[in-house]
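Undergrad: Provided below are the primary sequence and the corresponding predicted coordinates.
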Amino acid sequence: MEPKFSFYLHYLRQDIPAGLVVFLVAMPLCLGIALASGAPMFSGLIAGMVGGLVVAWASGSQLSVSGPAAGLTVIVLHAIEQMGLKPFLLSVALAGLMQLALGFLKAGVIGAYFPAAVIKGMLAAIGLILILKQIPHAVGYDSGYEADEGYAQSDATSTLADIPSALEAISPGATLVSAVSLLILILWETPLVKKRAWLKLVPGPLVAVLWGAGFNLASRARYPDWAISPEHLVNLPLLTSAGEFFGQFTLPDFSAWNNPAVWTVAGTLAIVASLETLLSLEAVDKLDPLKRVAPTNRELKAQGLGNLLSGLLGGLPITAVIVRSSANINAGGHTKISCFLHGVLLLVSVLFFASALNLIPLACLAAILLQTGYKLAKPSLFKELYGKGWNQFLPFAVTVVAILVTDLLKGMAVGMLFGLFFVMRANFHAALTLTQDGRNFLLRMHKDVSFLNKALLRSMLERVTPGAYLIVDGSRARFVDQDILETIDDFLRSAPEDGVTVELKNINGISGTFRPELQESWT
């Protein structure tokens, strides 16, 4: 049930400053993610506005903030390169319809069926790709703007190979801007800043952006050799009328509906965006000071509506995003008003402050995305998964490598196969255990024992030595497959030859002792 109007008024004093903070965090991220995705800058801002103005009210979460997500940049980049912008926008709108259908089908539990190690591997791979993709912008790669654009659209393997070329054509001004921006972002994560309340209210990305814009203005006036060239600055259209504003929105190419690639990208976006949203929603619920739990099915419907509108208007795909949501909570946000206000401020900035935004060097945004990529793929994550054992680390590592050498969809599929293999392997060992004490053996069944456990059962029965006493205990099993019963029957028939005594305990409702001289078939 939606809270009453008085509830929103009660927390208005906290929500207004929180909305301002979320806007200051979201604005450079909207621009930066558009940059990383190979899309127009305005597309990132459209997605941010839809996330704030529409999804905020459609969602059942009071604190979750939606907008363009770094986790989708790889899909978007390759899709735009493959199809072009307008067919891709149709994919975004179709992905929204798919998410709406998932919400009405009550598929909000879908996130629980993907192994956590595979999801973490996906995010880590995206983080590494973000880092690789942003190096040219961070150093002001100036071998030619066309070369820069081609570099941004290459795959991860060629990106890695092209880095030396980028480093040979660096711009000193852009490199200085990105280096100082990174230092600012790192400093803002330290206790030195976090302990000071007045500094905590100013987001690190905003400080980095102000630094970059200030350097750009100063270098133009006094140090032209260090000035950043126009193609390495944000380039938003300067709007002087409502007609010009509405002219910036781009309709999808509806004639591309019969292109299989459009549907493939739509399905990929719907799955990955839904997963990222559900994972973010779970994290936000844990951080909520009022301990509210957002309905997952309603969230899928809200995200579906958002992606449908964003695709129809020319925006990037949308998910619930943990960075902006965390900033909202840390700034004291309590209701949807803070998220809605951030959308309003994004709209106002586009209408009235585009000229100021065009002073921002891309190197600033690259530094923000480099930090984002590091957080997704930080070394402590690899160490943590390694410490949990091979069952967790191998699916994680395989997912990372597979995505880097292929693409996101294929890499996720490979990671899922590895994850399922280890889950099944763990269940095999959990379903059957064999314990030996001298010439006595205890074969115990746990939970459900299916035909998939037949090979494991045979290997365990082969370890029973001649003349032994074997107890087969099925009292803990809820289900025993017929193939398992036949395997036990085969062993009972052959056991007299080795002088093995077999005692059955509640195997398919049968208990009894089968001695070598008396054994007969029991099934």
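TA: Here it is on my side, so go on.

Undergrad: Can you give the distance of the helix or strand hosting R298 from its chain's centre?
TA: For R298, the host element (DSSP states H and E) is helix 296-313. Centroid separation for helix 296-313 versus its chain: 17 Å, with Cα atoms, centre = their mean, to the nearest Å.

Undergrad: what's the helix or strand for the nearest residue to L300 once chain neighbours are set aside?
TA: Nearest residue to L300, sequence neighbours excluded (Cβ to Cβ, 6 or more residues apart in numbering): G103, at 3.6 Å. Any C-beta I mention is one placed from the backbone N, CA and C, and that applies to glycine too. Assigned by DSSP H and E, G103 belongs to helix 85-104.

Undergrad: Okay, buried residues for the helix holding R298 please.
TA: Neighbour counts using 16 or more other Cβ atoms under 10 Å place 296-297, 299-313 of helix 296-313 among the buried residues.

Undergrad: do stretch 118-132 as well
TA: So stretch 118-132, judged by 16+ other Cβ under 10 Å, has buried residues 118-132.

Undergrad: Please look at A208 and L187 and confirm they touch.
TA: No: taking contacts as Cβ atoms under 8 Å, A208 lies outside contact range of L187: 10.1 Å.

Undergrad: Between those two, tell me which one has more neighbours.
TA: A208 (27 against 13; other Cβ atoms under 10 Å).

Undergrad: center of this protein - which residue?
TA: Nearest to the mean C-alpha position of the chain, counting by Cα atoms, centre = their mean, stands E276 at 4.3 Å.

Undergrad: Can you get me a residue count around the residue nearest to L300?
TA: Using other Cβ under 10 Å, G103 is surrounded by 22 other residues.

Undergrad: returning to what we had before: next helix or strand past the helix holding G103?
TA: helix 116-138.

Undergrad: Below-threshold pLDDT in the stretch 401-523 of the chain: ranges please.
TA: The model of the stretch 401-523 of the chain has pLDDT under 70 over residues 407-409, 423-429, 515-523.

Undergrad: Which segments of this structure make up each domain?
TA: 11-387, 438-514 (automatic domain parsing).

Undergrad: Now tabulate the ones you listed in CSV and tack on distance to F421.
TA: Output for the domains of the chain, formatted as CSV (distance: least, Cβ to Cβ, whole Å):
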stretch, distance to F421
domain 11-387, 10
domain 438-514, 12
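
Undergrad: Can you tell me which of these is packed in deepest?
TA: domain 11-387 (a mean of 20; mean count of other Cβ atoms under 10 Å).

Undergrad: Quick one: mean pLDDT over that domain.
TA: Averaging pLDDT along domain 11-387 gives 83.

Undergrad: all helices in the stretch 401-523 of the chain, in order from the N-terminus.
TA: Secondary structure of the stretch 401-523 of the chain (DSSP state H, counting those that start in this stretch): helices at 408-431, 454-462, 482-494.

Undergrad: can those helices go into JSON lines with extra columns for distance to R220?
TA: As requested, these are arranged in JSON lines below (distance: least, Cβ to Cβ, whole Å):
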{"stretch": "helix 408-431", "distance to R220": "40"}
{"stretch": "helix 454-462", "distance to R220": "72"}
{"stretch": "helix 482-494", "distance to R220": "77"}
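
Undergrad: between the ones you listed, which one is nearest to A138?
TA: Of all these, the one in closest proximity to A138, counting by Cβ to Cβ, is helix 408-431 (22.9 Å).

Undergrad: one step back: return the angle between stretch directions for the helix holding G103 and helix 296-313.
TA: Orientation check (axes from the mean of the first three to the mean of the last three Cα atoms, to 10 degrees): helix 85-104 against helix 296-313 gives 160 degrees.

Undergrad: before we move on, the earlier item: between the buried residues of stretch 118-132, which is closest to N506?
TA: V118 (37.6 Å).

Undergrad: Pull the contacting residues for the closest one.
TA: Contacts were defined as Cβ atoms under 8 Å, 6 or more residues apart in numbering; by that measure V118 touches P395, F396, T399, M412, G415, M416, F418, G419.

Undergrad: Kindly list the main-chain dihedrals of the closest residue to G467 other than its chain neighbours?
TA: Computed as Cβ to Cβ, 6+ apart, the closest residue to G467 that is not its neighbour in sequence is G499, at 4.5 Å. Dihedral pair for G499: phi 70, psi 30, per degrees, to the nearest 10.

Undergrad: For T465, see how far away G499 is.
TA: Per Cβ to Cβ, to the nearest Å, G499 is found 10 Å from T465.

Undergrad: rewinding a little: how about the residue nearest to the centre of the chain, what does it touch?
TA: A69, G71, L72, T319, A320, V321.

Undergrad: Can you classify the third one by secondary structure?
TA: Three-state assignment for L72 (DSSP: H, G, I helix; E, B strand; the rest coil): helix.

Undergrad: Kindly provide the distance from the residue lying closest to it once chain neighbours are set aside to V55.
TA: Spatial nearest neighbour of L72, chain neighbours left out: P317 (5.3 Å); criterion: Cβ to Cβ, 6+ apart. Separation of P317 from V55 (Cβ to Cβ): 12 Å.

Undergrad: just the contacts of E276 now: which is nearest W390?
TA: G71 (25.9 Å).

Undergrad: residues contacting the nearest residue to R476 once chain neighbours are set aside?
TA: Nearest residue to R476 in three dimensions, chain neighbours excluded: H446, at 5.2 Å (Cβ to Cβ, 6+ apart). H446 makes contacts with A430, A431, L432, T433, R476, A477, as judged by Cβ under 8 Å, 6+ apart.
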